[in-house]
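In: Sequence and predicted structure below; questions after.
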Amino acid sequence: MSINNEDVEKIAHLARLAIEPEQLDTYTRNLSDILDLVEQMNQVDTDGIETMAHPRDTRLRLRPDAVTEENQRDKFIELAPASENGLFLVPKVLD
């Protein structure tokens with residue numbers, strides 16, 4: 001599947017990416033190559049192949065879900081410059 005410069009410009013606009021006009025041909029060629037590779041991979045016969053999440057069949061070692069530290073919330077709240085109802089107060093960053 002090949003795409004043209006107009007397609008790349010539209011994709012860049014939707015993704016809010018700025019592409020310089022002199023780079024447009026390079027981006028178009030690279031994206032076309034990627035889509036060709038995906039199309040080529042879609043043509044591979046995968047019938048009878050079991051899907052896997054990882055190439056090595058390993059199991060995660062789970063640890064017991066136990067509390068290992070004491071609750072120091074009150075100590076940290078005392079050290080905070082501002083707090084209210086047990087919560088840290090921080091400066092507003094968004095209006």
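Out: Perfect, thanks for sending it. The structure presented is a predicted model; accordingly, all values stated were derived computationally and were not measured.
In: Model confidence score at L60, please.
Out: Per-residue pLDDT puts L60 at 79.
In: Repeat that for M1.
Out: 69.
In: Show me which residues of the helix or strand hosting E6 are buried.
Out: Using DSSP states H and E, E6 sits within helix 5-14. Buried residues in helix 5-14, counted by 16 or more other Cβ atoms under 10 Å: V8, E9. Placement of C-beta: from N, CA and C, glycine included.
In: Show me what it is packed against.
Out: Applying 3 or more Cβ pairs under 8 Å, 6 or more residues apart in numbering; DSSP states H and E, we find helix 5-14 packed against helix 24-42.
In: Pull the residues that contact the helix it packs on.
Out: If you take Cβ atoms under 8 Å, 6 or more residues apart in numbering as the criterion, helix 24-42 is touched by M1, S2, I3, N4, N5, D7, V8, E9, I11, A12, I19.
In: now the second one: how far from T58?
Out: Read that as S2. Using Cβ to Cβ, to the nearest Å, one gets 40 Å for the distance from S2 to T58.
In: Which one's more surrounded, the two?
Out: When neighbours are counted by other Cβ atoms under 10 Å, S2 and T58 differ, and S2 comes out ahead with 11 against 7.
In: Ramachandran angles for the residue sitting nearest the centre point of the chain?
Out: Taking Cα atoms, centre = their mean as the criterion, A15 is the residue nearest the geometric centre of the chain, at 14.8 Å. Per-residue torsions, A15: phi -90, psi 0 (degrees, to the nearest 10).
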